[in-house]
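Undergrad: pasting the structure only:
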């Protein structure tokens, strides 16, 4: 078919270039900009790895990498909601939406759990444990979505592909229950990062807290509009724009509130108050000096005690004088 703004393309793709309904062009522009910035941040992350002085921060690179991949998927998925719902975009929307957000919130939850150890002066998780936590948290949503799609496409394919808008929206939101649980759990865990003694790590917890807070607000609005608001307003044509706006908004929140500040602090130099003195994985020089002082004091006490026990050598004032190095 021919469209005056798009030329000869299929009707399902009109919103990508329709000047009369400009929301599609605006959102795809924002999504494309988000994709470019995310790719730039991924390249910057690999460039900064060799400049990270702190092992605890170096272990978090895996979190940032998978989070950026999830953010890249969020911006890319926006195009599946600008293109009209059809037999190809429906399974894509149902599967990728929950999986991508589960990956992002799993990264935030893993980071929050690691910070809860750091703010209390404990040894952080290794990079392998962090990676396993991310995969474990996200894998649950993958299993849920695969089970749903296999069931619907194999046993009820015609019903699934021709589902009414009301049932489509209800099933779409029901598939995201686990993602909502991840959001709530991450919000709760991030609050505990403010209870530790080491303030420099609390800054990272604040990034997660603010990011989750804005994400919850976005999700409450778009779920309310998708399930109730558009029905009350009798604006069924607003369903796709609402979800697409939520995707782009959440993607930019992830970039601005979390990943950009985290990368900025990634190569910050170590501070003496970042770690407790007893943790030898952080301040070996400080510990070495302390042990040297303790050993010196012990040697003086041992010499004095030996002289006092020796009956042939009477104690004098010089005996108790401190040893000089």
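TA: Sure thing, it's come through. Worth saying up front: this structure is predicted, and the values here are computed from it rather than measured.
Undergrad: And stretch 42-56, what's buried?
TA: 42, 45, 48, 52, 54, 56 (16 or more other CB atoms under 10 Å). No exception for glycine: its C-beta is placed from N, CA and C like everyone else's.
Undergrad: okay if I get these as TSV plus secondary structure and distance to residue 124?
TA: Formatted as TSV, the buried residues of stretch 42-56 follow (DSSP: H, G, I helix; E, B strand; the rest coil; distance: CB to CB, whole Å):
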residue	secondary structure	distance to residue 124
42	helix	23
45	helix	19
48	helix	19
52	coil	14
54	coil	10
56	helix	5
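Undergrad: Do a quick rundown of the strands in the chain.
TA: Along the chain, counting by DSSP state E, strands occupy 2-3, 7-8.
Undergrad: pretty sure residue 62 contacts residue 132?
TA: No: look at residue 62 against residue 132 with CB atoms under 8 Å: they stay out of range, at 10.1 Å.
Undergrad: Compare those two and say which is more crowded by neighbours.
TA: residue 62 (16 against 13; other CB atoms under 10 Å).
Undergrad: ok, the residue nearest to residue 260 when sequence neighbours are not counted - contacts?
TA: Closest residue to residue 260 apart from its sequence neighbours, by CB to CB, 6 or more residues apart in numbering: residue 41 at 7.4 Å. Residue 41 makes contact with 68, 255, 259, 260, 263, according to CB atoms under 8 Å, 6 or more residues apart in numbering.
Undergrad: Which of those fall in helices?
TA: Counting by DSSP state H, the contacts of residue 41 place 68, 260, 263 in helices.
Undergrad: Pull the number of nearby residues for the second one.
TA: The local packing count at residue 260 equals 13, with neighbours defined by other CB under 10 Å.
Undergrad: start the count at 690, not 1, going forward
TA: Yep, numbering from 690; the last one is residue 949 now.
Undergrad: On the pLDDT front, check it for me.
TA: For residue 949, the model assigns a pLDDT of 94.
Undergrad: so what's the closest residue to residue 826 other than its chain neighbours up against?
TA: Leaving aside its sequence neighbours, residue 826 sits nearest to residue 795 (CB to CB, 6+ apart; 3.5 Å). By CB under 8 Å, 6+ apart, the residues touching residue 795 are 822, 823, 824, 825, 826, 827, 871.
Undergrad: By neighbours, which of the contacts of residue 730 wins?
TA: Going by other CB under 10 Å, residue 948 tops these with 24 neighbours.
Undergrad: Now for the closest residue to residue 754 other than its chain neighbours: which residues touch it?
TA: In space, and not counting its chain neighbours, residue 754 is closest to residue 734: 6.3 Å by CB to CB, 6+ apart. Neighbouring residues of residue 734 by CB under 8 Å, 6+ apart: 750, 753, 754, 757, 952, 955.
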